[in-house]
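Trainee: structure, please.
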Amino acid sequence: MFHSILLLLAASADQPVQWAQLTIEQRVIIRVPMARQGKAPARITPDSQDDWEERKGPRCIALRSIRAASIVTRDGIDLILADRHRYRARLEKGCDSAGYYSGFYVEPAEDGSLCSGRDELQARSGASCEIVSFRRLVEAEDGD
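Mentor: Have a look, this model is predicted:
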């Protein structure tokens, strides 16, 4: 977001008025921490990736609802939301989720959402990967 301000600089009786333009850039970056073992409720963080089933997910997720993330698969990052729902952000081909082990950053769009096909996750190392899709995760039913 940019703001331009037109300034009138001090002028005296013997000097002409001077004008100047100042541009201010505002940049907001949101850091998403990784969920730590033992801090997230057991029903949010199953022991293995087999405890989750992927279903069709939304195109966008509200950034304000994301509380933490975890890495369960090589090509995606699981987002844990405030309402205890969980979504897997599938990353573009060639991106390895292991690079996001210490969390990641997101530059929010004006709509306040994180969207597939539009937004990127930025690793603390400087790498960035586009989100290809979101998959809703539900706990797998025991097949015993």
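Trainee: quick check, pLDDT for the nearest residue to residue 140 once chain neighbours are set aside.
Mentor: Using Cβ to Cβ, 6 or more residues apart in numbering and skipping the chain neighbours, the partner closest in space to residue 140 is residue 53 (4.9 Å). C-betas here are computed from N, CA, C, even on glycine. The pLDDT attached to residue 53 in the predicted structure is 91.
Trainee: from residue 88, how far off is residue 53?
Mentor: Residue 53 sits 11 Å away from residue 88 when distances are taken as Cβ to Cβ, to the nearest Å.
Trainee: on that earlier part again, how near is the residue nearest to residue 140 to residue 69?
Mentor: With distances defined as Cβ to Cβ, the gap from residue 53 to residue 69 amounts to 19 Å.
Trainee: out of these two, which sits in the busier spot?
Mentor: The residue with more neighbours, out of residue 53 and residue 69, is residue 69; 21 against 12, by other Cβ atoms under 10 Å.
Trainee: residues of the longest strand along the chain that come out buried?
Mentor: Among the elements of the chain assigned as strand by DSSP state E, the one spanning the most residues is strand 128-139. By neighbour count with 16 or more other Cβ atoms under 10 Å, strand 128-139 contains the buried residues 128-131, 133-135, 137.
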